[in-house]
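J.: Need coordinates for the below:
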Amino acid sequence: MLRRIVLAALVLAVPACGGSGGGNDGGSPAATNASTYSDPGIETFPDEGRTHVPVGTDIQYNTDPPTSGPHYPDPEAGGFYTTVIASGFLVHSMEHGGIIIYYDASQLTASNLDALRALADAHPGDFSQVVVVPRTDATYPIILTAWTHRLRLTSYDQSRIDGFIALFIGKGPENS
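T.: Down below sits the predicted model:
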């Protein structure tokens, strides 16, 4: 019985190969999925490059929030933040294999915020980190990004958040 449960969990957690998916980020080019993941909400975007630019440079990204591209020389350390952090630092964190979780506190419960804090605490540092940052978004109170990937959630869903982290943590181009 335990073997069946473990096998079922692996089937849900491991991405399936083949197929294509897509999405649109509301003004950006359509996303493309080279693979179809077990979560059909995961979008995959073209790599926008990895150039370092001086801190303070105004960077235009093709996705909102960004999933790759030019960024500042320093990554943001894993943690739970209550102030906005410049995208240039967050993109560098994704290059290191980090996951960025954007949250709209006005649409989440205290227990949701505690769960996000716990995820950030479990993945500190500058490589394979979870960075949780505020963002106001009336449609998507939770948005997860990893290098070239995004998952937008219309409500808090711990299993989908855990699945995204399991798929992409540590998979940035500087940590692969």
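J.: hey, let's count contacts and neighbours off CA atoms from now on
T.: OK.
J.: What is the burial count for Phe80?
T.: Neighbours of Phe80 under the rule other CA atoms under 10 Å: 21.
J.: In terms of pLDDT, where does it sit?
T.: For Phe80, the model assigns a pLDDT of 98.
J.: Got the phi and psi for it?
T.: phi -100, psi 120 (degrees, to the nearest 10).
J.: I'd like the numbering to begin with 28 instead of 1 from here.
T.: Got it, first residue is 28 now, which makes that one Phe107.
J.: Which strand residues bridge the residue nearest the centre of the chain?
T.: By CA atoms, centre = their mean, the chain has its centre lying nearest to Thr172, at 1.9 Å. The bridge-partner assignment for Thr172, based on DSSP bridges, gives Ile127, Arg177.
J.: Would you mind measuring from it to Ala137?
T.: Using CA to CA, to the nearest Å, Thr172 is found at 22 Å from Ala137.
J.: for Pro81, same thing?
T.: 37 Å.
J.: Hmm, Arg187 is touching Asp66, no?
T.: Yes. Using CA atoms under 8 Å, Arg187 is in contact with Asp66, at 7.3 Å.
J.: Let me see the ranges of the strands in the protein.
T.: 48-50, 58-60, 70-71, 106-107, 126-130, 157-161, 169-173, 176-180 (DSSP state E).
J.: Can you lay out these as a markdown table showing distance to Phe116?
T.: As requested, these are arranged in a markdown table below (distance: least, CA to CA, whole Å):
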| stretch | distance to Phe116 |
| --- | --- |
| strand 48-50 | 26 |
| strand 58-60 | 23 |
| strand 70-71 | 21 |
| strand 106-107 | 13 |
| strand 126-130 | 11 |
| strand 157-161 | 10 |
| strand 169-173 | 13 |
| strand 176-180 | 17 |
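J.: Go through those and find the least confident stretch.
T.: Mean pLDDT across the strands of the chain is lowest at strand 48-50; the value there is a mean of 35.
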